[in-house]
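Peer 1: Kindly generate the corresponding structure for this input.
(one chain, ligands or ions: 1)
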Amino acid sequence: MNFHILTLFPDMVMDGLNTSITGRAVNNGLLSIEAVNIRDYAFNKHQSVDDYPYGGGAGMLMQAEPVYLAYEAVAEKLGKRPRVVYLSPQGQTFNQQMAEELAQEEELVLLCGHYEGIDERVLEEIVTDYVSIGDYVLTGGELPAMVMVDAISRLVPGVLHNDVSAEFESFQDNLLEYPQYSRPEEWHGKKVPEVLLSGHHANIEKWRREQSVLRTKERRPDLLEKCELTPSEKKLLEE
Ligand SMILES: Nc1nonc1C(=O)NCC1CCCCC1
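Peer 2: Next comes the predicted model:
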């Protein structure tokens with residue numbers, strides 16, 4: 001999995017991703033992450049990348065040409081026109097399913113906008129996917145790009161110690177993850193649920209699944225509608 005992040009702030013992106021899990025995965029050769037500075041492709045006197053929007057309006061817009069040339073440089077290197085995700089509030093809301101789907105790609109370009117956006121004409125030419133990380137407006141696409149790289153990278157085999165990626169995860173079959181506990185057995189007068197100390201794996205799995213169903217009902221009832229619940233789980237919700 002190779003990420004190519006087109007951005008005006010390469011340091012922000014690389015510093016954020018060169019740590020912890022993604023940093024280790026890059027060192028292990030499981031991933032590669034490169035930031036391409038769009039400003040390096042602004043061949044005008046002041047290397048400017050933005051201009052006033054036609055039709056007026058507040059703020060500035062990123063111009064098409066530097067974005068296009070940065071994209072072309074990556075496409076040239078790859079020898080193909082790669083999949084390009086543009087991070088924007090006007091995109092489809094990112095979720096685990098999209099992360100799973102994007103994790104199948106070998107190459108992924110993430111285009112980070114800034115100011116008030118990017119000239120529509122270059123978006124039309126190069127963007128394959130418009131993706132939002134949520135219904136709120138940020139100052140740029142860099143943080144959303146880092147969120148996506150994190151969520152996708154952890155799905156690449158070998159990035160996490162394997163059993164975790166196979167284990168139950170939030171949003172798998174649309175249920176939230178069950179509560180988890182570690183030592184000590186009692187903390188602030190609160191004891192770890194007995195079943196988790198029993199060593200009875202079938203009972204532990206049953207308890208965890210029930211907790212996931214109850215937690216999903218409580219915190220994300222919208223997800224519950226999409227779940228395949230057993231008759232006993234439906235009964236549990238009625239209690
Ligand atoms: N929300 C979001 N999800 O993905 N991106 C988001 C965002 O708020 N991005 C900022 C804007 C700022 C102007 C240029 C284009 C990106």
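Peer 1: Need the pLDDT of the closest residue to the ligand within the chain.
Peer 2: Nearest residue of the chain to the ligand, counting by C-beta to the nearest ligand atom: G113, 2.8 Å away. In this view, the C-beta of every residue, glycine as well, is placed from N, C-alpha and C. On the pLDDT scale, G113 is placed at 98.
Peer 1: Pull up the gap between it and R208, please.
Peer 2: 41 Å (C-beta to C-beta, to the nearest Å).
Peer 1: the more surrounded of those two?
Peer 2: G113 (24 against 18; other C-beta atoms under 10 Å).
Peer 1: Adjacent strands (with direction) for the lengthiest strand in the chain?
Peer 2: As assigned by DSSP state E, the longest strand anywhere in the chain is strand 84-93. Paired strands of strand 84-93, with direction, are strand 107-112 (parallel), strand 129-132 (parallel) (DSSP bridges).
Peer 1: And the ligand, is the shortest one touching that?
Peer 2: Pointing back at strand 129-132 there. Yes - legend: contact between strand 129-132 and the ligand by C-beta under 6 Å from any ligand atom is shown at S132.
Peer 1: Can you pull the residues of this protein lying near the ligand?
Peer 2: So the chain meets the ligand at 87-89, 113-114, 116-117, 132-134, 136-138, 140-141, 144 (C-beta under 6 Å from any ligand atom).
Peer 1: which of those residues tops the neighbour count?
Peer 2: Of the residues of the chain next to the ligand, with other C-beta under 10 Å as the count, G141 tops at 29 neighbours.
Peer 1: one step back: show me the contacts for the residue of the chain closest to the ligand.
Peer 2: Contact analysis of G113 by C-beta atoms under 8 Å, 6 or more residues apart in numbering lists M62, Y86, L87, S88, G140, G141.
Peer 1: ditto for V109
Peer 2: F3, H4, I5, L6, Y71, V74, P82, R83, V84, V85.
Peer 1: Mind checking which of those land in helices?
Peer 2: Among the contacts of V109, DSSP state H puts Y71, V74 in helices.
Peer 1: now, among the contacts of V109, which is nearest to Q180?
Peer 2: Closest approach between the contacts of V109 and Q180, by C-beta to C-beta: F3, at 29.9 Å.
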